[in-house]
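Q: Attaching a predicted model along with its sequence, questions to come.
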Protein chains: 2
Amino acid sequence: MTIDLDKRTCPLPASSNTQVLLAHGGGGRATHRLLEDLLLPTFSESQSESRHDGAVLKMGKERIAFTTDSFVVNPLFFPGGDIGSLAVYGTVNDLAMCGARPLALSCALILEEGMPMDLLAKIAASLGQAAKRVGVSIVTGDTKVVDRGKGDQIYINTAGIGSVADGVVVGPERVRVGDKILLSGDIGRHGMAIMAAREGLSFESNIESDCAPLDGEVQSLLNAGIEVHCLRDLTRGGLASALVEIADASANQIIIDEETIAVREDVSSACAFLGFDPLYVANEGRFIAIMPAEQSEAALETLHRYDEQSMPTIIGEVTEGRKGLVTMNTTIGTRRVVDMLSGEQLPRIC
Amino acid sequence: MTIDLDKRTCPLPASSNTQVLLAHGGGGRATHRLLEDLLLPTFSESQSESRHDGAVLKMGKERIAFTTDSFVVNPLFFPGGDIGSLAVYGTVNDLAMCGARPLALSCALILEEGMPMDLLAKIAASLGQAAKRVGVSIVTGDTKVVDRGKGDQIYINTAGIGSVADGVVVGPERVRVGDKILLSGDIGRHGMAIMAAREGLSFESNIESDCAPLDGEVQSLLNAGIEVHCLRDLTRGGLASALVEIADASANQIIIDEETIAVREDVSSACAFLGFDPLYVANEGRFIAIMPAEQSEAALETLHRYDEQSMPTIIGEVTEGRKGLVTMNTTIGTRRVVDMLSGEQLPRIC
C-alpha cells in the first residue's frame, strides 16, 4: 500500500493566513501551524522539558509540572458537566499527562458585563466541588469584566502546578517500536454531549460527557511500576489527532484495530446522524498510555483494579514504517489512513 | 477628627447584587465583595501562604510563588506598551510582590474569529521581547478561538511561578506600627496613557505608560538585606486602594504626605482635565514597600543605585489608630481620608 502523505491534508481557506479562524482553535493542523509558525518562534528559549500538555521544570531537587488552559465551552452547562468542572479537570488532566501529581490550581475569570450573578455562583460552586473531588486547592485567582457584547458570559483560565516523581519521564521521544497503546475507555461522549446540548437534540438515550479527573488512573499506573513511555488525553481533535501527533513526534508508524476501540451505541448513532467520526470527537475523561508490550497486560489489570467500571483496552502498537503515519485495520477488513483534521469538527468544545 | 467610616462608601447600584457590572472588575470594593462573598467561599481550603498577588507553596525544600492574571486592556496598543508586554510584566510583578524571583510563565490566548493575523504576530512578538527583557521563559500555552462578536480580538492570560528565598516572608500581617512606606516612583502614568489612547486625546506632552518589570528592584532590596515587611504593586485601584487594603489587613492606620507623592505635571493636568484623582489611577511599573523606619534610608539608596533614573520617596508611615483608615496630609495643610473606590474609575485598564 502506498499513500501520498502530501495529498492527505485538506487545504484550509486562503484567509487562514491573514486572519484568525475558528479552525485555529480546533486542535487540528491549523492550530499546529499557528503555534509553530507564529507563536513558538517569538517566545524565548526555555530550559524546561517541553511536554505536549505542559512543561516540567527543575527547581532545587524538585521537578514541577506547569500547565495552562482557557475554557470557552458553549453551552456553559451540558449533560455530565459544565465550564466549572471542565476547567478543573482539564488542567488536572494536563498535569496528569506530564506524569505529575496535581498540587495547586489558579483560576482567572473573564466575565461579561450583565452576566447573572446566580449563574456565576453556580459555576463557582462547580469549580469548588471539582477541586474538592480531586483534592487540589485553588490557591490564586483573578477577575476581569469586559463590556456587554465583548464576551460570552464567562471564560475561565486555570493554570496548574504538580509534582513529578523521580524517574518519571513521559513523552513521545520515549516511544519505541513494539510498544503497545492502551486506551482507557470508550470514546466520543464529551463531544456528542456538547453537540446534543448545543443543537437541542435529544437522542434516544441521554449521552453524558465523560468529563472526569485522570490523575488517579495515571498515578495507579506509575505506582504499579508500569514503565509508561507516553501519555496523552484525548481532548480537541480526539483519539486520531493524539495518535498522529505521537507518530509524528516519535518518528514511527502506529497501527490500531478498530474493533478494540469502544464507542457506545448511542454515541455511534449520534455521530452517524450528525456526520462525525468518533475518532476525532473530543473526550474529557479518556487518555492513551504507551508502554512496553510485556507490561500492557499488567497495565490493563491495574486500571481495572483502580476502577472496576473502567474498560481499558489495548488498541494497537507502534511499528517501523513511515514517520507520522497512523493506519487502522477496520472492522470490515480494510486498512484506512487516520489523518489529523485541518480545522475543527466542533468549535468551542472546551 | 472623627470620621464615620460607614458613610465613606458610595453605594453600588442595586443591580450589583444580581448581575456582573464593569465595577466588579475595577479592583475596588465591588471586586472585593465579589471575591469575598461569592468566589472564595466555594473554593477549597488551601495549605498555601495566601498573598494578595499570588500564593506561596511549599514543595520539598523549595518555596514556590504561583500567580495568574488575565489581560483585557482596551486599546491593545497604547503609548509605552501593549497587551503583550503588559501580560508579561503584570504577572512578573505579581511574582515580585510575593518576594519571588520569576522562573517561568504560561501564556493562554483567547482569540476572536476574524482577528488579523499580523496583529496577532505583533502582539506575540511583544510578549516574546518582554519575556526576554525579564529573562523569564514562556514554557507552556494554550490557544482558543471564540466566534466573531464574542470577544474583543484578543484576551491573554499569563500565570507565573517563581522561587521564594529562605526567610523571605512579605505580607500585611508583618506590617508594624512605626514602619515606613516607600513608593518607587511617580504615579498615574499607565491609566492616563490608556485614557489618552482610548479617547483619542492628545495632551501637550505624550504620556507613556510606566509598564515595566519590577522584579529587579524588589530583588535589589532583598539582596541588600532590607527587611521588607510588605510589597504591593499599584495596578487597578492605584496607590489609594493598595494602602487601604494594607491598613485593613494589618489592622493599623496609615498616614501619608501628599507632597512626597510624585505626579508628573502632564499626568496631573490630564487627571484634572478628565476628573480623575491620581491616587486611584492604575500604574504598571510602580510599587510600595513597607519596612522598619531605620532601614528606609538604605532602601531608598539601594533603589537609586539599582536605577539612577528612579525617584523613590518615603511617603508615610504606619501608625496606631483605626484599622483600615488611611489619611493624607495635603499640600494645602488639611487632612483628608483616602478611601477605596466602590467601583472603577477606568474599566479594562489591564
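A: Cool, the structure landed. Numbers count the residues shown, from 1 in each chain, chains lettered A, B, ... in the order given.
Q: I'd like to know which helix or strand in chain A has the lowest mean pLDDT.
A: The helix or strand of chain A with the lowest confidence, counting by mean pLDDT, DSSP states H and E, is strand A:49-50 at a mean of 66.
Q: Would you list the strands that the helix or strand that that one is followed by pairs with, along with their directions?
A: Toward the C-terminus, strand A:49-50 is succeeded by strand A:55-59 as the next helix or strand (DSSP states H and E). The strands beside strand A:55-59 in its sheet (DSSP bridges) come out as strand A:49-50 (antiparallel), strand A:62-71 (antiparallel).
Q: Not counting strand A:55-59 itself, show me its contacts.
A: With contact meaning Cβ atoms under 8 Å, 6 or more residues apart in numbering or on different chains, strand A:55-59 is reached by A:46-49, A:63-67, A:98, A:100, A:164, B:59, B:62, B:64, B:103-104, B:139-140, B:161, B:163. Bear in mind the C-beta positions are built from the backbone N, C-alpha and C, glycine included.
Q: Out of the residues you listed, which end up buried?
A: A:46, A:48-49, A:63-67, A:98, A:100, A:164, B:59, B:64, B:103-104, B:139-140, B:161, B:163 (16 or more other Cβ atoms under 10 Å in any protein chain shown).
Q: For the stretch 1-150 of chain A, which segments count as strands?
A: Using DSSP state E, counting those that start in this stretch, the strands assigned to the stretch 1-150 of chain A run over residues A:49-50, A:55-59, A:62-71, A:77-78, A:81-82, A:100-112, A:137-146.
Q: Show me the one of those that comes nearest B:H190.
A: strand A:137-146 (15.8 Å; Cβ to Cβ).
Q: Give me the mean pLDDT for that closest one.
A: Taken as a whole, strand A:137-146 carries a mean pLDDT of 94.
Q: Pull out the buried residues from stretch A:71-82.
A: A:71-74, A:76-82.
Q: Just put the residues you listed in a markdown table and tack on pLDDT.
A: Listed next are the buried residues of stretch A:71-82 as a markdown table, based on pLDDT from 0 to 100:
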| residue | pLDDT |
| --- | --- |
| A:F71 | 98 |
| A:V72 | 97 |
| A:V73 | 97 |
| A:N74 | 94 |
| A:L76 | 97 |
| A:F77 | 96 |
| A:F78 | 95 |
| A:P79 | 94 |
| A:G80 | 95 |
| A:G81 | 97 |
| A:D82 | 98 |
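Q: now, which of the residues you listed sits nearest B:I226?
A: Scanning the buried residues of stretch A:71-82 for proximity to B:I226, where the rule is Cβ to Cβ, the winner is A:F71, at 41.4 Å.
Q: follow-up on the earlier one: pick out the shakiest of the strands paired with strand A:55-59, pLDDT-wise.
A: Lowest mean pLDDT of the strands paired with strand A:55-59: strand A:49-50, a mean of 66.
Q: so where's the stretch 51-200 of chain A uncertain?
A: A:51 (pLDDT under 70).
Q: For the residue nearest to A:L243 when sequence neighbours are not counted, list each beta-bridge partner.
A: Closest residue to A:L243 apart from its sequence neighbours, by Cβ to Cβ, 6 or more residues apart in numbering or on different chains: A:V326 at 4.7 Å. Beta-bridge partners of A:V326, counted by DSSP bridges, are A:I254.
Q: In contact with A:V326, which residues?
A: With Cβ under 8 Å, 6+ apart, A:V326 has these contacts: A:240, A:243-244, A:247, A:253-256, A:337-339.
Q: Let's see that with 6 Å instead.
A: Contacts for A:V326 (Cβ atoms under 6 Å, 6 or more residues apart in numbering or on different chains) come out as A:243-244, A:247, A:254, A:338.
Q: any idea how far it lies from A:M97?
A: 19 Å (Cβ to Cβ, to the nearest Å).
Q: out of everything not next to it in sequence, what's closest to the spatially most distant residue from the centre of chain A?
A: No residue in chain A sits farther from the centre than A:G114, which is 32.0 Å out by Cα atoms, centre = their mean. Leaving aside its sequence neighbours, A:G114 sits nearest to A:R148 (Cβ to Cβ, 6+ apart; 5.0 Å).
Q: For the stretch 201-350 of chain A, which segments are assigned as strands?
A: Ranges of strands within the stretch 201-350 of chain A are A:230-233, A:253-257, A:287-291, A:313-319, A:326-329, A:335-337, based on DSSP E, counting those that start in this stretch.
Q: Kindly reformat those strands as a markdown table containing mean pLDDT.
A: Shown next, in a markdown table, are the strands of the stretch 201-350 of chain A (pLDDT from 0 to 100):
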| stretch | mean pLDDT |
| --- | --- |
| strand A:230-233 | 97 |
| strand A:253-257 | 98 |
| strand A:287-291 | 98 |
| strand A:313-319 | 98 |
| strand A:326-329 | 98 |
| strand A:335-337 | 96 |
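Q: Just send these back as CSV, with distance to A:I194 too.
A: Listed next are the strands of the stretch 201-350 of chain A as CSV, based on distance: least, Cβ to Cβ, whole Å:
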stretch, distance to A:I194
strand A:230-233, 16
strand A:253-257, 25
strand A:287-291, 19
strand A:313-319, 24
strand A:326-329, 25
strand A:335-337, 26
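Q: can you pull the contacts of A:A289?
A: A:182, A:228, A:231.
Q: Would you mind measuring from it to chain B?
A: Using Cβ to the nearest Cβ, to the nearest Å, A:A289 is found at 21 Å from chain B.
Q: Excluding chain neighbours, what is closest to that residue?
A: Using Cβ to Cβ, 6+ apart, the closest residue to A:A289 is A:L182 (4.6 Å).
Q: go on, A:T42?
A: Ranked by Cβ to Cβ, 6+ apart and with sequence neighbours excluded, the top spatial neighbour of A:T42 is B:G128, at 3.7 Å.
Q: same check, this time on A:E173
A: Closest to A:E173 by Cβ to Cβ, 6+ apart is A:S250, at 6.6 Å.
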